[in-house]
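A.B. asks: task: produce atomic coordinates for the following.
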Amino acid sequence: MNEPKRILVAPLNWGLGHATRCIPIIRFLQKQNTQVFLASDGRAFHLLKKEFPELPIFELPSYDITYRSSNMMWNMALQFPKMMRAIAQEKKAIAKIVEQNKIDIIISDNRFGCFSKKTYNVFMTHQVNLPIPLPVVKQIGNWYNRFQINQFDECWIPDFENTPNLSGQLSHEKNTLKGLRNVKYIGALSRMNFEKKKPVRKAIIILSGPEPQRTYLEEKILAQALELPDRFLIVKGQTEIKEHSFFSEHIELVSFLTSEELNNAITESEIIISRSGYTTLMDLVFLNKKAILIPTPGQTEQIYLAEHFNQQKIFYSISQKDFNLKIALDEIENYTGFKDGAFPNNLFEKYVVQLLENNL
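C.D. replies: Numbers count the residues shown, from 1 in each chain. Model prediction:
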């Protein structure tokens with residue numbers, strides 16, 4: 001009988017989306033007679049530790065990305081040397097984890113340093129075509145992105161290959177895809193499940209992403225929600241603490257919710273208000289809810305996705321600077337959300353099974 005495969009899952013700590021979209025993969029791997037190990041840092045590390053207390057988890061070096069400017073390209077340019085140092089440190093940490101735990105397969109969600117010559121390596125990303133406004137910089141950025149991804153044995157894109165899809169040009173630009181090998185579209189990933197319930201509140205506000213923008217949005221929404229009679233639940237996205245309080249009689253605050261708790265809270269809410277991160281959009285495939293999307297300032301990917309679905313009248317989007325809660329709640333009535341059954345569910349399971357069968 002074959003020994004159980006030992007698999008390391010390592011999501012990037014950049015908001016919580018990379019970690020949360022790995023949850024269904026981890027759960028499925030647990031059902032496939034494998035030994036699962038986890039690795040990350042920061043809030044993603046704390047989230048995985050809470051979701052899977054029974055699994056061994058390792059803390060990786062932090063990329064420690066900060067937002068000194070609202071211009072994402074400028075932020076990345078200034079911090080590129082720091083990111084390169086973090087990736088180098090990450091490779092050393094991974095080498096140690098692989099050696100000590102006899103890892104067979106690594107699934108890295110956007111962590112360039114999480115691969116080893118001693119393992120089979122999968123890189124997961126929805127962003128193979130970087131949304132950079134300057135053509136020359138974009139060409140260089142996409143070349144570097146492809147170079148890093150091609151060090152892995154497979155590239156998993158959590159989206160659908162054909163139309164309709166979720167990522168648009170981020171994952172379907174043909175010239176960019178030509179330079180990548182072994183690309184597989186594995187479908188949407190979400191820890192959420194739809195359950196029809198009568199709403200007990202107007203909206204759930206799910207905060208995430210880097211500081212200080214997370215705090216700026218929280219303060220803005222709190223001030224505006226106070227002026228309205230509706231009930232709101234604000235999930236602050238602070239996984240390192242567990243706090244629950246009421247800001248006012250109709251505004252409830254919680255620092256963090258587990259997947260099951262968040263799923264229940266969403267199904268009890270009429271509307272979702274959140275960032276336009278890609279993982280949020282994948283969750284919305286499964287939730288059958290309307291949503292108001294507020295892209296993180298300067299994050300070109302989130303701005304692109306918000307505008308993409310706003311133009312199709314699927315989700316209402318508005319910038320953080322111009323956000324008005326009352327107007328947004330009125331406008332959302334003109335948007336459809338994702339139609340139930342528009343996308344196939346759990347497509348990724350086929351690719352996980354193939355991965356295991358090919359590495360017997």
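
A.B. asks: quick check: residue 210 vs residue 278, distance?
C.D. replies: Counting by Cβ to Cβ, to the nearest Å, the gap between residue 210 and residue 278 amounts to 15 Å. From N, CA and C alone the C-beta is placed, and that goes for glycine too.

A.B. asks: the more surrounded of the two?
C.D. replies: Set side by side, residue 210 and residue 278 show more neighbours around residue 278, with 26 against 17, by other Cβ atoms under 10 Å.

A.B. asks: skipping adjacent residues, who's closest to that one in space?
C.D. replies: Residue nearest to residue 278 in three dimensions, not counting chain neighbours: residue 126, with 5.1 Å by Cβ to Cβ, 6 or more residues apart in numbering.

A.B. asks: near the one you found, how many other residues are there?
C.D. replies: Considering only other Cβ under 10 Å, residue 126 is surrounded by 27 other residues.

A.B. asks: pretty sure it sits against residue 158.
C.D. replies: Yes: taking contact to mean Cβ atoms under 8 Å, the distance of 5.5 Å between residue 126 and residue 158 places them in contact.

A.B. asks: intersection of neighbour lists for those two?
C.D. replies: Contact criterion Cβ atoms under 8 Å, 6 or more residues apart in numbering; residues bridging residue 126 and residue 158 by contacting each: residue 278.

A.B. asks: ok, residue 4 - contacts?
C.D. replies: 33-35.

A.B. asks: sorry, that was for residue 115
C.D. replies: With contact set as Cβ under 8 Å, 6+ apart, residue 115 has these partners: 91, 94, 106, 108, 121, 123, 151-152.

A.B. asks: now do the helix or strand encompassing residue 246: distance to the chain's middle.
C.D. replies: For residue 246, the host element (DSSP states H and E) is strand 244-248. The chain centre lies 27 Å from the centre of strand 244-248; the measure is Cα atoms, centre = their mean, to the nearest Å.

A.B. asks: and stretch 163-180, by the same measure?
C.D. replies: 18 Å.

A.B. asks: likewise for stretch 266-275?
C.D. replies: With Cα atoms, centre = their mean as the basis, stretch 266-275 stands 17 Å off its chain's centre.

A.B. asks: contacting residues around stretch 142-158?
C.D. replies: Contacts for stretch 142-158 (Cβ under 8 Å, 6+ apart): 21, 107-108, 112, 115, 120-130, 167, 171, 176, 179-189, 278, 282, 348, 351, 355.

A.B. asks: chain center to the helix or strand containing residue 302: distance?
C.D. replies: Secondary structure here is read from DSSP H and E; on that basis residue 302 sits in helix 300-311. Taking Cα atoms, centre = their mean, the mean C-alpha location of helix 300-311 is offset from the chain mean by 15 Å.

A.B. asks: could you pull out the buried residues of it?
C.D. replies: For helix 300-311, the neighbour count (16 or more other Cβ atoms under 10 Å) marks 300-306, 308-310 as buried.
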